[in-house]
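> Sequence below, structure please.
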Amino acid sequence: MAPPASIVFPTRNRRDYLAVALRSVAPQAAAHEAEIVVVEDDAEDAPTRALVEQHGGRYVALGAPRGINVARNACVTHSTGELICFLDDDVEVWPGWLSALLAATGHEALGGPIRPRIEGTNLHACGREPLPVTALDLGPEDREAEFVWGANLALRRSALERIGPFDERLGGAGDEEDWQRRLRAAGGSVGYVAAAGVDHRRAGRDATLRALSRANFYRGRAARRYDVFKRAEPSLAAELRTLGGCVFHIVRRRCGVGVTLTALTLGRLVEALDPGPAPPSATDPDYLSGRSGTLGRRTALVGALKDAAAALRARPAPWLAARRLPRRRV
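Modelled structure (predicted):
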C-alpha cells in the first residue's frame, strides 16, 4: 500500500544542511507513515547515504550533476506517495507541517510560508527590504495562490501525471514556476496552506555578506534567463533604473541587504549583456534556494553597484589612468 505522502529532497553535497532538515521531518513522517526520499544530484556520498538511512529514508544518487529539475523528476520516479512534498535541503519544517498539507483539499499544488533565517551573519539589514533568501508569506489564512516556491512545494501525483514532469531545461530560477503555469493553463489551481511553514536557513560561511551577494549574483543571472525564456524580460533601461534605486538605498540606509540586492541586479545586467549559462561550480552554494516571491524588480537590485564600484577601483577606467600619468616635457 502506497504511503499517504512522500517527503523528497533534491540535494547536492550539502550534508550539514540536510541533517537539520531530516531531523525536523523524520518524526512527522513516522507519525503519518510517510516515506522520505533523498536524490543526490551528483556521485554517491557514503556519509550522506548513512545520514538518510539513519532517518528512515531512501537515498538515490544520479552519478553526476544533472540539474535541479532532473533531480526533482528523479524524486518523483523513486517515490510512491500520492502527495509528493518537495523540500529544499536547507529548510527546517514547522511543527504540524505535514499534517497541514495532508488535510488541505481542493488544489493540485500546495505550498506554505517560507520564513528566511540567517544564522550568525554579519549582514546588516535596515528592515525595509526582505532578507536575501527565498521567502513567501501570503498571510495567516489558507487561500488560493498564484505561485508557491520549490523550497516548500507539494504536488499531487495525479497532477504530475496529467501535466507532465518539470522542464529539465530550466534550473536556478523559474523551474517550479513554469510547472505551475502549465498547471493553471490546464485548469488546475495552487493553494497556500498557512500552517505548513518552513524556515529557510543560511548558516556558516553561506550566511556572510560576501556569500549571500555571490549567490544573489548568480540567482540574478538565472532569473534574467527565465524572463527571456518566457519572453517577459525587462528592457536594459529598466534594469539600469532598478540598479540605480538599489545603489541609492545602500547609500541612504547603509544596508547590507541592499548590497545583496544590488548583486542580484548586477547579475541580471551581466546576463542581459552577455547571455550564457552560469558555471555549475558557481551555482553550487545556492543550488536549491530557488527564487523569492517577495522581491520585485525595484527591490531586486540594491547591492550590485557596490560590486561595480569595487571593480572600478580595482581596474581604473582608461581616462582615469591617463590623468594619473606624470607630466613630461618633450
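
> Extract the C-alpha trace of the longest helix along the chain and format it as CSV.
In the chain, taking DSSP state H as the definition, the longest helix is helix 209-229. Taking C-alpha atoms only, helix 209-229 is exported to CSV below (Å, rounded to 0.1, in the frame of the first residue of the first chain):
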residue,chain,number,x,y,z
LEU,A,209,27.6,39.2,3.2
ARG,A,210,30.1,38.0,0.6
ALA,A,211,28.5,34.6,0.1
LEU,A,212,24.9,36.0,0.1
SER,A,213,25.9,38.6,-2.5
ARG,A,214,27.7,36.0,-4.7
ALA,A,215,24.6,33.7,-4.5
ASN,A,216,22.3,36.5,-5.4
PHE,A,217,24.5,37.5,-8.4
TYR,A,218,24.0,34.0,-10.0
ARG,A,219,20.4,34.0,-9.0
GLY,A,220,20.0,37.3,-10.9
ARG,A,221,21.6,35.7,-14.0
ALA,A,222,19.2,32.7,-13.8
ALA,A,223,16.2,35.0,-13.2
ARG,A,224,17.0,37.0,-16.3
ARG,A,225,17.4,33.8,-18.3
TYR,A,226,14.0,32.7,-17.2
ASP,A,227,12.4,36.0,-18.1
VAL,A,228,13.9,35.6,-21.6
PHE,A,229,12.6,32.0,-21.8
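
> In the stretch 51-200 of the chain, mark out all the helices, start to finish.
Applying DSSP state H, counting those that start in this stretch to the stretch 51-200 of the chain gives helices spanning 68-77, 97-103, 157-163, 175-185.

> Relative to residue 264, which of these is closest?
With respect to residue 264, and counting by CB to CB, the nearest of the helices of the stretch 51-200 of the chain is helix 175-185 at 16.6 Å. In this view, the C-beta of every residue, glycine as well, is placed from N, C-alpha and C.

> packing partners for that closest one?
Applying 3 or more CB pairs under 8 Å, 6 or more residues apart in numbering; DSSP states H and E, one finds that helix 175-185 contacts helix 68-77, helix 157-163, strand 190-192, helix 209-229.

> quick one on the thing from earlier: quick one, the helix or strand just after the longest helix of the chain and helix 209-229 angle?
Downstream of helix 209-229, the next assigned helix or strand under DSSP states H and E is helix 236-253. Calculated by axes from the mean of the first three to the mean of the last three CA atoms, to 10 degrees, helix 236-253 forms an angle of 160 degrees with helix 209-229.

> What is the subsequent helix or strand relative to helix 236-253?
Defined by DSSP H and E, the subsequent element after helix 236-253 is helix 256-273.

> mind listing what's buried in that following helix?
256-272 (16 or more other CB atoms under 10 Å).

> And for stretch 213-229?
Under the neighbour-count criterion of 16+ other CB under 10 Å, stretch 213-229 has 213-227 buried.

> again with stretch 182-191
For stretch 182-191, the neighbour count (16+ other CB under 10 Å) marks 183, 184, 188, 190, 191 as buried.

> Kindly present the residues you listed as JSON lines, with separate columns for pLDDT.
Shown next, in JSON lines, are those (pLDDT from 0 to 100):
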{"residue": "183", "pLDDT": "97"}
{"residue": "184", "pLDDT": "96"}
{"residue": "188", "pLDDT": "96"}
{"residue": "190", "pLDDT": "98"}
{"residue": "191", "pLDDT": "98"}
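
> and which of those residues is nearest residue 107?
The closest of the buried residues of stretch 182-191, once distances to residue 107 are taken by CB to CB, is residue 191, at 3.2 Å.

> Wait, that closest one touches residue 112, no?
No: applying CB atoms under 8 Å, one finds residue 191 not in contact with residue 112, separated by 9.4 Å.
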